[in-house]
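*Asks:* Here's a sequence, model it:
(2 chains)
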Amino acid sequence: MADPKRDGIGGPDVLRRAGDASVLILTSLADGSKHGYALIQDIKGFAGLQLGPGTLYGALDRLERMGLIEALPAEDRRQPYRITAAGAVALRAHLDSIERVTSVGRLRLGLGEI
Amino acid sequence: MPGSRSMRLVESALRCYPRRWRSRHGDEAAEIASLLIRGGTPARSVAWSYLMGAARTRLVTGPRRRLGAAAGALLLAAGSLGVSLALLSSPAPANAANVTHSRTAHPRPADLRPADPRHGGSRPADPRYEGGRGAPHRCDRHDHC
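*Replies:* Got it, this is the predicted structure:
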């Protein structure tokens, strides 16, 4: 049963326990399909951290099993992935959840709303 | 192309993945490693990441084996429990246990009564009262037993 307080309006936050790597990958794929190395470079660019390749593949496999991303036909040796509709919904729900926590945190630190 | 030693290290780590994973991702994973090492990432770090990834993959992709082991352990535990309960609930061993108990180091007040002379004193050597294997659990000669 979905808890609106915990899960937000967008539905249950299935990424709650999926790990940071999964969220970073979905965020990276939100603007188009990418293969492994492009994902690592993109995430390094917007989040400032480099995912280890083992972590990347673990998260890709998990997200694919959850139906949040899908593999596209391979180009040479590279396997591109794209976000699915379910993945977009899950990412939105997770970002909503983070945003609520961010607002409360800023408010309690006396920084006010963004 | 990174040094052959670096790539050997990475390839060793990649060999730890299940065969199915390697057939799908192996080539791309080697290429990513090569690009990362060329970009300045230490080969050790790349190899370690793959090694940890392989361990996680093996833990995740073997649920059937783990379920089988868990089911086996549960069956074994249930079997042991069943045998223990059966032994505890069957009357013969229970009585034997009482007899054994009454002749051991913690006598109950009833055991401190003087021995019935009809039984011939303290009867320590009588196998019927030892409670061991094959000993009858009830004295069939006297009604008071």
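
*Asks:* Count the residues that sit near the residue in chain B that chain A sits nearest to.
*Replies:* Using C-beta to the nearest C-beta, B:Gly53 is the residue of chain B that sits closest to chain A, at 2.6 Å. (C-beta placed from N, C-alpha, C; glycine too.) Around B:Gly53 there are 26 other residues, counting by other C-beta atoms under 10 Å in any protein chain shown.

*Asks:* same thing with A:Arg106?
*Replies:* With neighbours defined by other C-beta under 10 Å, the count for A:Arg106 comes to 13.

*Asks:* where's it relative to A:Gly112, distance?
*Replies:* With distances taken as C-beta to C-beta, to the nearest Å, A:Arg106 is found 7 Å from A:Gly112.

*Asks:* same thing with A:Leu24?
*Replies:* In this view, A:Leu24 and A:Gly112 are 28 Å apart by C-beta to C-beta.

*Asks:* what's the distance between the nearest residue to the residue of chain B closest to chain A once chain neighbours are set aside and B:Val46?
*Replies:* Nearest residue to B:Gly53, sequence neighbours excluded (C-beta to C-beta, 6 or more residues apart in numbering or on different chains): A:Gly54, at 2.6 Å. Using C-beta to C-beta, A:Gly54 is found at 8 Å from B:Val46.

*Asks:* ok, how many other residues are close to A:Leu15?
*Replies:* Neighbour tally, A:Leu15, other C-beta under 10 Å: 22.

*Asks:* re the thing from before, am I right that the residue nearest to B:Gly53 is in contact with B:Ala54?
*Replies:* Yes - here A:Gly54 reaches B:Ala54: they are 7.1 Å apart, a contact under C-beta atoms under 8 Å.

*Asks:* Please say which of those two ends up with more neighbours.
*Replies:* Per other C-beta under 10 Å, whichever of A:Gly54 and B:Ala54 has more neighbours is A:Gly54, with 25 against 21.

*Asks:* Where does the residue of chain A at minimum distance from chain B sit: helix, strand or coil?
*Replies:* Distance from chain B to each residue of chain A (C-beta to the nearest C-beta) is smallest for A:Gly54, at 2.6 Å. Using DSSP: H, G, I helix; E, B strand; the rest coil, the structure places A:Gly54 in helix.

*Asks:* Tell me if stretch A:64-81 is near chain B.
*Replies:* Yes - Stretch A:64-81 lies within reach of chain B by C-beta under 8 Å from any C-beta of the partner chain, at A:77-79.

*Asks:* buried stuff in that stretch?
*Replies:* A:66, A:68-69, A:78-81 (16 or more other C-beta atoms under 10 Å in any protein chain shown).

*Asks:* And stretch A:52-66, by the same measure?
*Replies:* Judged by neighbour count (16+ other C-beta under 10 Å), stretch A:52-66 contains these buried residues: A:52-63, A:66.

*Asks:* cool, and stretch A:91-106?
*Replies:* A:91-97.

*Asks:* So, low pLDDT: which residues of the chain?
*Replies:* Since you didn't name a chain, this refers to chain A. Within chain A, the stretches with pLDDT under 70 are A:1-11, A:113-114.

*Asks:* Let me rephrase: I mean chain B.
*Replies:* In chain B, residues with pLDDT under 70: B:1-2, B:61-145.

*Asks:* Kind regards, and thank you for your time.
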